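>>> Can you look at this prediction? I've put the sequence above it.
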Amino acid sequence: MTGIDPAKLRGLTQRRKGQGTQDGMSRRGLFKLGGAAAAGLALSGCAIPGLAKIITPDEAKAEAAAFWPKQKPTGHLNFANWASYIDPNHETLKLFTKATGIGVNYQEVIEDDNSFFAKIDPILRSGQYSGYDLMVITDGFEFTDLVELQEVIPLDHGMMPNFKKYALRKFMQETFDPGNLYSVPWASGITGIAWNTKFIKEPVTSISDLWNPKYAGKIGMMQDPQELANFGLFRAGIDPDKSTLKDWNTAADVLNKQRNDGLVRAYYDQSYLNALSRGDVWITMAWSGDIFQQNQSTGNNDLAFVVPKEGGNIWTDNMMIPKLAQNPVSAMKMIDWFYRPEIATMLTENVQYISSNSAVPTLMAQDAQRKKGANGQDQATLKALLDSPLVFPPASVLSRTRNYVTPQDPTTAQTFKNIFNAITEA
Amino acid sequence: MSAATLERAAGQEPRKKVRQRRKTGERLLHWFTWLLIIWLALPIAVVVAFSFNNPHGRYNYSWTGFTFKYWGSKLFAIPDLTTAVEHSILVAVVATVGATVLGTLVGLAVGKYKFRGQGATNLVQFAAISAPEVVLGSSLATFFLQAHIQEGALTVMAAHIMFCMSFVAITVRARVVGLDPSVEDAAKDLGAGPWDTFRLVTLPMIMPGVIAGAMLAFALSIDDFITTEFTSGSFVTYPLWIWSVSRQGLPPQVNVMGSIIFAVGVIFAIANSVISRRRAA
Amino acid sequence: MRSIRSKLTPYYLMLPGGLWLAIFFAVPIIMMIGLSTMNGNIIAGFGDTWHHFGNYTYGFTQYKSQWIRSAEYAGLGCLISIVLSYPIAYWIAFYGGTRKSTYLFLILLPFFVSFVLRTIAWNYILGDQGLLLEPLKHLHLVSQNFHILATGWAVIIGIVYNYLPFMILPIYVALERVDHKVIEAGRDLYANPVTVFTKVVLPLSLPGVFAGVLLNFVPAASDYVNASVLGGTGNSMIGNVIYDQYFVVQNYPLQASLSFSLMAILLIGIFSYARVLGTEDVLEAAAVA
């Protein structure tokens, strides 16, 4: 800034009387701003529309019957999924391409349901392609919202022979999608408690271990309101399936106290695993398959997992087709592809979450016999998987798991979200 | 009469003491500066160091072995990451061009002329720079929602041009304000039309400001996170990709890409200073 | 002929840029104000504009601690930043000699790496068993339960780190402009170095300090990345709340009211300051930074 006459500088910085003052508004300036304001106000009156009405299952079936015959096959598929939810080498996808000729663009863009929903909902509302033909959504609020807002396409049951043949009904939670109108399960899992055995030597069995003052400041809880709510309800001795508004407030008090007592280090999304492995937390809410995968990849068995005796959260991640998908036929083919026994087995052996495919146990046992899994897992790992109550939960484990609390009425849902979000926002 | 002469006249002893005190003070400051530079560079050193790590599993946080493979054959092994980097560069280039053109024009207008609405313009520009990114991002997101505009590459570029433009405008304006108007007057006197005057006289004179503004715009755009997060829809840029994958565990390729971008930036900056030094000479 | 054209020239020059700002800045902000007075939910839609100013009172009462905390963290961050930046800016301006630009370059160097990556790197460095604390705990210099992450101080360190150049550069520019003759005059008048500093240099550098505070406080108060990566419970800032309300709860009206409140508060502060010093100076300082 050399060479500026100081007088000039003074002149520039001092306020001038009359027109063109720096922070004064001249007529023209006011017009300009006024124009923009008027435009904005006109547009701001524009409300954000909601749904027209909630359609009945019969209407959905009719919609499907009208929609699918008109679709032509395409050569491509855009598939959105969570991270670490498929075999690492994508062998399952490569085989799909070889069998069908459809190229797959697999994107691990889903970190949690709500941020993914917040990304695609505005796009779908404006009547545009979201960029994805197939996505995997958990059976929580976002699932219900997508269905109610008619932002997903009802499935073509005629294209799902493998699903019909092999899908297990016994513990697939069909309450959120009776008749699989809009979704089929990808994998199911249980939220329980994981701990790092390097720091906690005694066994962990109960929800109250997350409230143990000995671990103060080293406890992790999950951010997701539905995950957190259930654990609060378990701690308060309330069955989530039967909980009411009063119960939710009780649970919230319990959770708030946990935080105010300095027990909780932070509320995590899937990054709890990073914190647990590094020793930033010693004990945390966790997803069953994650712990398995982490122990496998590091080669040591530092991390342990348990479904607490008071209960755990059982959830199902489901494949759904978003509205205005450009490759819906490819999506249907992929949906059915993952119900092929050998593909389903490959998936389960890698991600180690609960499969909804009845043929998996048999095939996995065969792999164990042959001493080699689809991705080179050794016999010991496969045997451990077969015996694991987390991958093939027995009735004793299942009986104490509960689904998320998902109020159907939007206002109640908002209240629920506000109650439990306030705990993590504080 | 200079201070030195006066001091010499006042006596040697007090002068030496003052000089020593000044010297110790200066040395302390010198050390402090270097300490701070090292502190600033610490995370970068970690990023670069861990790009040579060979992690077991997906978390790259403890040292398990030295390897070059992520710099070589495996650098582009993650297609999503490569695509995200390409997206970031694309957006940055478009945003830089757009912001530089629009911003230079605005900078010229505000710097050279006095006109009605100058106050309001300054106001809005100022608000645009000082508005928090969270507000910029969320207001754009709801704007696109209400206006039924799909979020994607174009909305990201529009947003980037918007917030980079004001920075370019200010940089150019600062340059324009210091210009000698008589040079332009001379050109006009010699018969040059307004476009020729601009092209042959004004533009070269403000070029350092324009280039500085362009570089600033590029740097702001390529690293932008918050505004991009709100306006990108399903379009993924490099910072967004890092953020979403960091929930799981960063692969070493991210460190390598970060180190490369770092090195490229360093080369640009060195080149810029060499060129400007040569031009000044 | 030429005079008419040149009279309209500034308006032509302003038009493209002005229009862009109007469409992508002014209009969204105004629409956001409208949205902040609506109510509703994601299923039934949002509407009933201009009838729910209660969103503002709710936003302030419900999130009082986050508002205060944001001001605290940003304020403390600015203070620490000034304390760290001033000596360096001073040294480079007065003792840097020919290598001034090199030093400035070295300071800016780390910022060629992505903001997200830098913050995550600090997460690695400050981990409980990480690069910094592991040796300290091994040597028993700190207790085994000591942790930096998941505290307010980690967030403040992140804030200071990420915005430091925006404090150093404006102060440096202001100090560099101080005419050495003025300092010499001070010495000629028998002032000792300390007095020269406090009575001559410091006041002349204040515009730079103010500009630096501006460029630090605004992004710091509205940041959510530092709190998210480095903080724990009880460290969330108003930026985190805005993010949550948009992405997690999808309560767009509340989020809009919080955003507008944040911007209004910051802008009022900035404009009051700008009145004192003149917008030009601040814009200039921002340009150099």
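Received the coordinates, thanks.

>>> For residue B:203, give me its contacts.
residue B:210 (CB atoms under 8 Å, 6 or more residues apart in numbering or on different chains). Backbone N, C-alpha and C define where each C-beta goes, glycine included.

>>> now the strands: where do they sit in chain A?
A:48-49, A:76-82, A:103-110, A:134-138, A:184-196, A:219-222, A:264-268, A:283-287, A:303-306, A:312-320, A:401-402 (DSSP state E).

>>> pretty sure residue C:150 contacts residue C:236?
No: using CB atoms under 8 Å, residue C:150 is not in contact with residue C:236, being 11.7 Å away.

>>> how many neighbours does residue A:362 have?
Residue A:362: 11 surrounding residues under other CB atoms under 10 Å in any protein chain shown.

>>> Tell me the spacing between it and chain C.
As judged by CB to the nearest CB, to the nearest Å, residue A:362 and chain C stand 41 Å apart.

>>> Ok, residue A:344 next?
For residue A:344 relative to chain C (CB to the nearest CB), the value is 32 Å.

>>> Confirm for me that that residue is in contact with residue A:338.
Yes: applying CB under 8 Å as the test, residue A:344 and residue A:338 come out as touching, 6.2 Å apart.

>>> If you tally nearby residues, what's the number for residue C:106?
Residue C:106 has 18 nearby residues by other CB under 10 Å.

>>> Output the contacting helices and strands for the helix or strand containing it.
Taking DSSP states H and E as the definition, one finds residue C:106 inside helix C:100-108. For helix C:100-108, the elements it packs on are helix B:12-50, helix B:252-280, helix C:64-95, helix C:165-176, judged by 3 or more CB pairs under 8 Å, 6 or more residues apart in numbering or on different chains; DSSP states H and E.

>>> same thing but at 7 Å, please
Helices and strands touching helix C:100-108, as assessed by 3 or more CB pairs under 7 Å, 6 or more residues apart in numbering or on different chains; DSSP states H and E, comprise helix B:12-50, helix C:64-95, helix C:165-176.

>>> List every C-alpha atom in the last one, with coordinates, as CSV.
Once non-C-alpha atoms are left out, helix C:165-176 reads as follows in CSV (Å, rounded to 0.1, in the frame of the first residue of the first chain):
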residue,chain,number,x,y,z
PRO,C,165,-3.2,-15.7,10.1
PHE,C,166,-6.3,-13.5,10.0
MET,C,167,-5.0,-11.8,13.2
ILE,C,168,-1.3,-11.7,12.3
LEU,C,169,-1.7,-10.2,8.8
PRO,C,170,-3.9,-7.2,9.7
ILE,C,171,-1.7,-6.3,12.7
TYR,C,172,1.4,-6.7,10.5
VAL,C,173,0.0,-4.5,7.8
ALA,C,174,-0.9,-1.8,10.4
LEU,C,175,2.5,-2.0,12.0
GLU,C,176,4.3,-2.0,8.7
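
>>> For residue 252, grab the count of nearby residues.
No chain was given, so I picked chain A. 21.

>>> The intended chain is chain C.
Count around residue C:252 with other CB under 10 Å applied: 27.

>>> Look at it and report its pLDDT.
In this model, residue C:252 is scored at 88, pLDDT.

>>> isn't it right next to residue B:142, touching?
Yes: using CB atoms under 7 Å, residue C:252 is in contact with residue B:142, at 5.9 Å.

>>> which regions of the chain sit below the pLDDT cut-off?
No chain in the question, so chain A it is. In the predicted model, chain A carries pLDDT under 70 at residues A:1-47, A:50-53, A:170-174, A:371-377.

>>> Wait, chain C was what I had in mind.
For chain C (pLDDT under 70), the answer is C:1-7, C:277-289.
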